[in-house]
Each structure stands twice: as C-alpha cells, then as structure tokens.
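Student: next one to model:
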Amino acid sequence: MKTKRPRTSRVSAKVGIRTCSLVIFLLVVLNGVSLAGSLDLGSKVFVNGTLDLTTAFGNEGVPQIHEFIRGDSPFDPVRLRLFGDVAFNRRLTLFNQFLIDPDIRFSPKSFLRSYLRLNVFEIQGADLSIQAGKIPTVFGNLGSRAYSPENPLVSVPLVYHYFSSLRGNQLPANNLDLLQERGNGLGREFGGFEGGGARRGFNGLPIIYDTCWDVGVQVIGSVSRFEYSVAVTQGTLSGPRTQALDDNGGKQLALRLKHAFSEELSIGGSFARGPYLDSLVQPALSEGGQVEDFNQRVYGIDVEYGVGHLSVVAEFVSNLWQAPNITDFQGNRSDLTNWSGYVEGKYGLRPGLFAAFRYDTLGFGKIDDGSGSGERVPWDYGVHSWEMGLGYYLTDQVIGKIVQQVHKIHEPEGSWKPFWAVQLSTSF
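Tutor: This is a model prediction of the structure:
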C-alpha cells in the first residue's frame, strides 16, 4: 500500500499562485480605473476586422487535420473576425476580438477574446505592460501570422492545432489501450479509453492549441533588443481554459524570451509547464495520486530571418506529458513525448506578387508495445505536410491566394493526400 504524501507544500504553492494572480489582476483594474479618472482624456474605440472567403477543392476536400474543436477551419468558406479595442487613456486599453464562422457548432461566446492591458511604463529602450483576461498564447512565434493578412498561406503550423490520441479528461488503462487508439484523436467522435474519466467523445490533445486563448495574467515588455513575456494561466498549452472556471487545482507558468541580433535576424525561446489532467479522472488515479501531479512540459526555439525579398521563419517544439498508467517494459511509469517543427518562407517575386511555402512535421516518441516482448513503438501516428502557393496584393487591404497542400499521416497504408484552396482575404 502506497503512503499518501503530505499535501501542505502543494496546497501552499496553489494558494500562492492564485493570490499572486489575483493581486496582479486587481492592480491592473484599480490602476486602470484610477488612470481613467485622473487623466483628462476621453475613451476612444477602434473597430476593424478581416473577412476571408475561401474555396477548397480536389481529392476529398479539406482534410480533418485542419478542423478545430469547435468545428471551424482556416479553409471554411466564410470567416469574419471583428476587432473592437477601447483605449480608456494612454495607458489602459481593452482589447476585444470576435470570430464569426457559419460552420461553428459551439456557442458564439466561445469565440470572444478580451483582455485588459495596462502600460506600466515606457522609456527609451525599455517598456513593461500587464495584461489580464483571455490573453494571447505565451509561446512560440506564430503571433500575428495566425491572422490571414499576415499569413502567406492559409493553414497554420501543425504544432498549434494537430490533435494527438491522448486526452486530458480520460485515461488509457495501459499502453495497449493507448496504442489501439492511434490516429483517432482528430475527431470529436473519439470515444477514448477504458482507464476512467469522461465517456463522451472529444478530440485528443494538441501540443499547443492557439485557436483558444487561456484566461490568465501576463507581464510583457522589452529591454533594448530583448523582448520578454511571463504568464500564469488557468489551463495549459494543450488544454487552455477559455472561461474563468478551471478543470483542476493547478496553474500553468509560461515564459518567452526573444532577442533581435539585427534587423534581419531574431531568435526566441519558450517554455511552459502546468497540470493538464481534468479533475474528472481523479477517481481513476492510484491511491495518493492527484491530477495536479501530472504536468505538460513544453520547450521551444524559433528563428526569424529576412533579407531582401526573402523572409524565413522556423520553429521547433519538444513536448512531454506525464501520463498515468503508461509504463516501460519493467513496469515503471513512462512519459509520453512528441515534437514538431516547421520551416516557412515567403519571397517577393515582383511588386504585389509573392510565393510562399511551409514544410511541417510532427512526430511521437516510443513506448513499450504492451505485448511483453519489450518492443517499443510510437504512441501515435506522425504526420508530414507541405503547403505552397502564390499570393497577390490586389490592393493594400485585399490579398488573393492560391495554395496546394499535401499531407501524409504515417498510419498503416497511409498515403500523400493533396488538395487546393483559393482565398480572398480583406482587411477593413
């Protein structure tokens, strides 16, 4: 029988994080209210948006690898994104954005992103701000390239949305149970495992799910050529909590640092760690185990380089989930790992016309196959993807794109599957 570990240190850590987060949030709000009242400046509202009209064709249409949890996709026929920012004064701003897509199957309120930013100070060579609410993902270099006017292609890299066969709200009973579900995490019909937790169908976990932003508090700023960001959030990169309610008692810590070596070259590094399991699986854990004991841990490095008409972005991410019931050949607990990397380039061919490409790959670490032979196999199927195309600026606010994408999931009898898409992206 296992000895139950003392809970004092863990509870203290949780209370400390929650207290710190609450204090920072209150400071943002109270400072903002004070500033709004003390400065003789009227509030200003800025409204703009983007409209994407897209047609996909060829083969079997848009593959499931691009479908998000809410049923939408970057290749949907109509996607309207509205931005409504309220500047209360020079230091306090409320940022809002809302996505409208007829293909969604969730409540529209799940598409609302709102966060408050307080500019604490800004001097020559340095600045610091605090953000609170549903904040932008504090990891990697996707950033503005997630929006169609800045994206030279149509899709986004696999690391930011591709669903594995691991779930946070249900446990595999053992290695074999996990391996039998390889490739099934992409769809909401994925019923899951026998180890305990939610029985309803749901997607698996991605490494990073940038489509939904997490609720949290963030410190962001720069010093000389360095940019930095630190955030505490309700959920994790793989399972952000879009509402104020959390699904466990832990919090995620996320860090990012970027250095611009020159106007042409910058390198960034990211790290995040937090418990990813839903409290629903608590009854299925062994005696003394807590959902907060099992973390997602992610490391990333990214490079941006631009010279002349050429710009290149590359990123590599290494991920680990501490998973109950997964063991090695000797019966010791074994972590689940996977990784992803991509290289994306854009080249200006002539005024207004550009070519773009992205090579994208995602792979999975090996675990014992559960047969007793000691053989190790990847715990899910890897995937490779190529996307390439041409774009043309019809006006400063209107871009036309035509792309071809081919991808291959390395399941038995997997093959390369191509399709085409045409997109008209308008900013207003």
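
Student: and residue 385, what does it touch?
Tutor: Taking Cβ atoms under 8 Å, 6 or more residues apart in numbering as the contact definition, residue 385 lies against 65, 158, 358, 359, 360, 361, 405, 406, 407, 408. (C-beta placed from N, C-alpha, C; glycine too.)

Student: how does it look with 6 Å?
Tutor: Residues counted as contacts of residue 385 (Cβ atoms under 6 Å, 6 or more residues apart in numbering) are 360, 407.

Student: quick check: bridge partners of it?
Tutor: Taking DSSP bridges as the rule, residue 385 bridges to residue 360, residue 407.

Student: need the three-state assignment for residue 392.
Tutor: With DSSP: H, G, I helix; E, B strand; the rest coil as the basis, the three-state label of residue 392 is strand.

Student: what residues sit buried inside stretch 134-145?
Tutor: 134, 135, 136, 137, 138, 139, 140, 141, 142, 145 (16 or more other Cβ atoms under 10 Å).

Student: what residues does that stretch touch?
Tutor: Residues from elsewhere that reach stretch 134-145, judged by Cβ under 6 Å, 6+ apart: 113-115, 150-151, 160, 210, 213, 215-216, 218, 229, 231, 237, 254, 256, 268, 270, 272, 300, 302, 315.

Student: which among those end up buried?
Tutor: By neighbour count, with 16+ other Cβ under 10 Å, the contacts of stretch 134-145 hold 113, 115, 151, 160, 210, 213, 215-216, 218, 229, 231, 237, 254, 256, 268, 270, 272, 300, 302, 315 as buried.

Student: which stretches in the stretch 101-250 of the chain count as strands?
Tutor: Remark: strands assigned in the stretch 101-250 of the chain by DSSP state E, counting those that start in this stretch are 112-123, 126-135, 214-223, 226-233.

Student: which one of those lies nearest to residue 422?
Tutor: Between residue 422 and the strands of the stretch 101-250 of the chain, the shortest separation by Cβ to Cβ is 27.7 Å, and it involves strand 112-123.

Student: quick one, that closest one and strand 126-135 angle?
Tutor: With axes from the mean of the first three to the mean of the last three Cα atoms, to 10 degrees defining the directions, strand 112-123 sits at 170 degrees from strand 126-135.

Student: list the buried ones in strand 112-123?
Tutor: Taking 16+ other Cβ under 10 Å as the basis for neighbour counts, the residues of strand 112-123 that come out buried are 113, 115, 116, 117, 118, 119.

Student: equivalent analysis for stretch 282-298, please.
Tutor: The neighbour-count criterion (16+ other Cβ under 10 Å) identifies 284, 285, 289, 290, 291, 292, 294, 295, 296, 297, 298 as the buried residues of stretch 282-298.

Student: ok now do the first one, which residues does it touch?
Tutor: By Cβ under 6 Å, 6+ apart, the contact list for residue 284 reads 171, 195, 196.
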